[in-house]
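Colleague: Provided below are the primary sequence and the corresponding predicted coordinates.
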Amino acid sequence: MNEKTPSVFEGTTTVATTSSAVARRRGPLEQVKILPYVALNDDPLRFEPVHFREEVQKVCYDEVNEHVFVVKNDFQIVRVLPVHENSFRIKFSGGNPLTSLRFNLCAKTLAIRRTTRSLSFVNFKAGGNQHEFTQACKTKSTAQLKEFYWTANDEIIYVTSHGLELYFINAEKRFAKLQKSISLSVSFAVYCKTCNLLVAASSLDGNVFYPFFISQGTITKVPKIQIELPIVTPNNQTPKFTNADVSVAELYGEPYIFVVKNHPKAFTGHKAEIVLYKVTKEKVFKAHILALSQHGRFLINIVDNVVIVHRQASQETFVFDILAPHQRIEQSFSASSSSKNIEQYVSFHRPLVPSCSIAPTIMKRAWQTTNQKDTFEMLPYSKNWISFFPDVLVDPKLGALWCVQLKLENFLPLFGDKINLIDFLLRRSKTRHLILTVLQDEVKPGKKIETTRIGELFDVITISLARTLNTNSPNLVVYEEVSQQNMMKNLFVPLSERKDVSSKVFVAVLLQFVRSLNANNLCVEHHIFELVIKSLVETGRFYQLHQFLQYHVIDDSKPVACLLLSLEKKYAPALQLALDMFKRLGNSQDEIFHVLLSENQYMSAIRFLRRLGKEVAIKTPGYHLLQTALDEKRMPEFLVAYKFFKDRMGQITDFENQEQFSKFTSYYDEMLTL
């Protein structure tokens, strides 16, 4: 069972009937201890269980607003428990039993279902409420209200046995207006507010789906699709779909219809499957098949775009990622707009890793006890569990609501291929430290460093980094960003300090990263190149350094050029290499000029200024050159430079003002008299 709106828990629990698959890898992974990679949150929301002391008649859950409604005292008192806020109570004066309740999106207006024909609305405020008003179905007198969903703060959609009715609601003025209606025979319906998608199932078998996008008072119809019925059901009943088999959710920013199916026991392949139909404004098509190897009951959650499937009978949990490497199979189907068969690739998935079991948790024995010692060990996979998208599990008999969580660190030993592991982690949130841990493991002491293999891991990271930084194309997949600075701090710098790693291997690792960045059109930050240069210099590999610079393996940058300048005493050609780099950069006049002065190359500095002419962008070059020549007592160069700047006076600003130049005139006259 997946998304229902609103869901009512009474006595018994209904769950989706499907089956699951265990895709256990052979080889070394069989020896790996599988730690639970799926867990329940430590502090569940507790509420009065169903039939608690004969007081509780119903418990409803509103998955859009994350509210638990506890209905008791002959339907006159409702306790509302928001998952992330404090609880409060609503009192009613009586009337028909409450079937279901749901707040609008801002939790100001409460919709109440008491009959099969109408909804009541209350303009609710903390501390009290106003009079109710009722709005019945309008389109047909025989229409039965099946579901209702708030699509906006002031809009609600009625799903009736005869179609859809979209109403504008003004609870303060006790006013409702029918905005749009669609005639359609409806068996059941499911809805996802995240993607504003409602799917109405028609036909007696419930296998004809009519998707509708509902937003801002409009209903956009998508062409219908007919789904193949299950061949057999677990109880050998007549095959048909119900809202326990069908749900709607968003994965990687796109809407999907989830359909669970069972295959016959004699079927040679997988025994059951969860089929994902992708919905666009233009069409619906089969996109993914999540293969399950056993018949059984399943609960489905989605956490961080990972599909989590719980099988209660075997107490196992499986995970799927629709963007992970998969098999592609070709299927043909008949488009809804024509009878022509269309070839469509469908992605076939098995569980990412071997199944795990959720660990037992310690819970308070009573839902409102203050005794911290009055606890018990709660065993997971209760037959009373019900799941809701995206990440909620509810046990109405126990009176508890959990949020399902992923323990991503426990995935690390379960992937045989580190490329697939990093690929998986990059699509999860807050996984940077885990990705760096995987890389660090590839270069840990005692392990042979395979530079080609590491380069493949770098490729996975830089490809996702390029997609993240590309603002020109829409990207529905959010990747964890592992920056070059992260790589420097956590991988390259520690690796450079290790005595058991040769300079040759270290430089090879760095160059693999440079290659990967260049292949994805990412600018290499100068820190990476500085590490390469320092490693080459420390081991005296100047010839290789020269070649890297000559053939532009190392990109030009001012920090790199400045580093080369500092290496002149160790490697004399580094000065010229730095000057050439400054020249190629084109915006480095000041750096080149001061480098020449620091090397006492006054004539070269003068020739450089002469070549620049009026394009000079150096601040007061005349002052710096003449002052340096005086400080170094280079009188011949001073005399030549003085004459050069005097001839340029009035054309180019070599000095801040005339007084600054006059200071050097007195020195010049004094030298001529000697």
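Modeller: Everything's here; your move. Values in this document were obtained by computation on a predicted structure and should not be read as measured data.

Colleague: Which residue ranges of the stretch 551-674 of the chain form helices?
Modeller: Using DSSP state H, counting those that start in this stretch, the helices of the stretch 551-674 of the chain run over 558-566, 574-585, 589-598, 602-612, 621-631, 635-648, 658-673.

Colleague: Would you mind giving the ones you listed as a markdown table with mean neighbour count, mean pLDDT and distance to His546 added?
Modeller: Where you see a C-beta, it was placed from the backbone N, CA and C, and this is true even at glycine. Compiled in a markdown table, these are given as follows (neighbours: other Cβ atoms under 10 Å; pLDDT from 0 to 100; distance: least, Cβ to Cβ, whole Å):
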| stretch | mean neighbour count | mean pLDDT | distance to His546 |
| --- | --- | --- | --- |
| helix 558-566 | 18 | 85 | 11 |
| helix 574-585 | 19 | 86 | 7 |
| helix 589-598 | 19 | 79 | 19 |
| helix 602-612 | 17 | 78 | 22 |
| helix 621-631 | 20 | 82 | 30 |
| helix 635-648 | 17 | 82 | 31 |
| helix 658-673 | 12 | 76 | 40 |
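
Colleague: and those as CSV, adding distance to Ile308?
Modeller: Output for those, formatted as CSV (distance: least, Cβ to Cβ, whole Å):
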stretch, distance to Ile308
helix 558-566, 47
helix 574-585, 52
helix 589-598, 57
helix 602-612, 66
helix 621-631, 68
helix 635-648, 76
helix 658-673, 74
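
Colleague: Out of these, flag the one nearest Val509.
Modeller: Closest approach to Val509 among the helices of the stretch 551-674 of the chain (Cβ to Cβ): helix 558-566, 18.9 Å.

Colleague: chain center to that closest one: distance?
Modeller: Relative to its parent chain, helix 558-566 has a centroid offset of 39 Å by Cα atoms, centre = their mean, to the nearest Å.

Colleague: Contacts only, for Asn520.
Modeller: Asp459, Thr462, Ile463, Leu465, Ala466 (Cβ atoms under 8 Å, 6 or more residues apart in numbering).

Colleague: sorry, back to before: what about the helices of the stretch 551-674 of the chain, which gets the closest to Val394?
Modeller: Per Cβ to Cβ, nearest to Val394 of the helices of the stretch 551-674 of the chain: helix 558-566, 57.2 Å.

Colleague: Give me the helices and strands touching the closest one, please.
Modeller: Packing partners of helix 558-566 (3 or more Cβ pairs under 8 Å, 6 or more residues apart in numbering; DSSP states H and E): helix 526-538, helix 574-585, helix 589-598.

Colleague: returning to that earlier point: can you say which of the helices of the stretch 551-674 of the chain is nearest to Ile454?
Modeller: Proximity to Ile454 (Cβ to Cβ) singles out helix 558-566 among the helices of the stretch 551-674 of the chain, at 23.5 Å.

Colleague: got the angle for that closest one vs helix 589-598?
Modeller: 10 degrees (axes from the mean of the first three to the mean of the last three Cα atoms, to 10 degrees).

Colleague: doesn't Ser215 make contact with Leu197?
Modeller: No - counting by Cβ atoms under 8 Å, Leu197 does not reach Ser215; the two are 9.8 Å apart.

Colleague: Looking at those two, which one has more neighbours?
Modeller: Under the criterion of other Cβ atoms under 10 Å, the comparison of Leu197 against Ser215 puts Leu197 first, with 23 against 13.

Colleague: what about the more buried one, distance to Thr151?
Modeller: Counting by Cβ to Cβ, to the nearest Å, the gap from Leu197 to Thr151 is 10 Å.

Colleague: what's the overlap in contacts for those two?
Modeller: Common neighbours of Leu197 and Thr151 (criterion: Cβ under 8 Å, 6+ apart): Ile214.

Colleague: Report how many residues lie close to Lys569.
Modeller: Using other Cβ under 10 Å, Lys569 is surrounded by 8 other residues.

Colleague: Tell me, what's the model's pLDDT at it?
Modeller: On the pLDDT scale, Lys569 is placed at 81.

Colleague: swap in Asn123?
Modeller: Reported pLDDT for Asn123: 86.

Colleague: Can you verify my assumption that it contacts Ala111?
Modeller: No - with contact defined as Cβ under 8 Å, Asn123 does not reach Ala111; the gap is 11.4 Å.

Colleague: of those two, who's got more company?
Modeller: More neighbours surround Ala111 than the other of Asn123 and Ala111, with 22 against 18 (other Cβ under 10 Å).

Colleague: Three-state assignment for that one, please.
Modeller: Here Ala111 is recorded as strand under DSSP: H, G, I helix; E, B strand; the rest coil.

Colleague: which residues does it bridge with?
Modeller: Beta-bridge pairing for Ala111 (DSSP bridges): Arg102, Phe121.

Colleague: what's the helix or strand for Glu377?
Modeller: strand 375-378 (DSSP states H and E).

Colleague: so what strands line up beside that strand?
Modeller: Paired neighbours of strand 375-378 in the sheet (DSSP bridges): strand 361-364 (antiparallel).

Colleague: Can you name the element that comes right after the helix or strand bottoming out on mean pLDDT in the chain?
Modeller: Lowest by mean pLDDT, DSSP states H and E among the helices and strands of the chain is strand 16-20, with a mean of 34. With elements assigned by DSSP H and E, the helix or strand that comes after strand 16-20 is strand 38-40.

Colleague: burial of Phe188, as a residue count?
Modeller: 19.

Colleague: State the distance from it to Asn243.
Modeller: Counting by Cβ to Cβ - Phe188 and Asn243 are separated by 4 Å.
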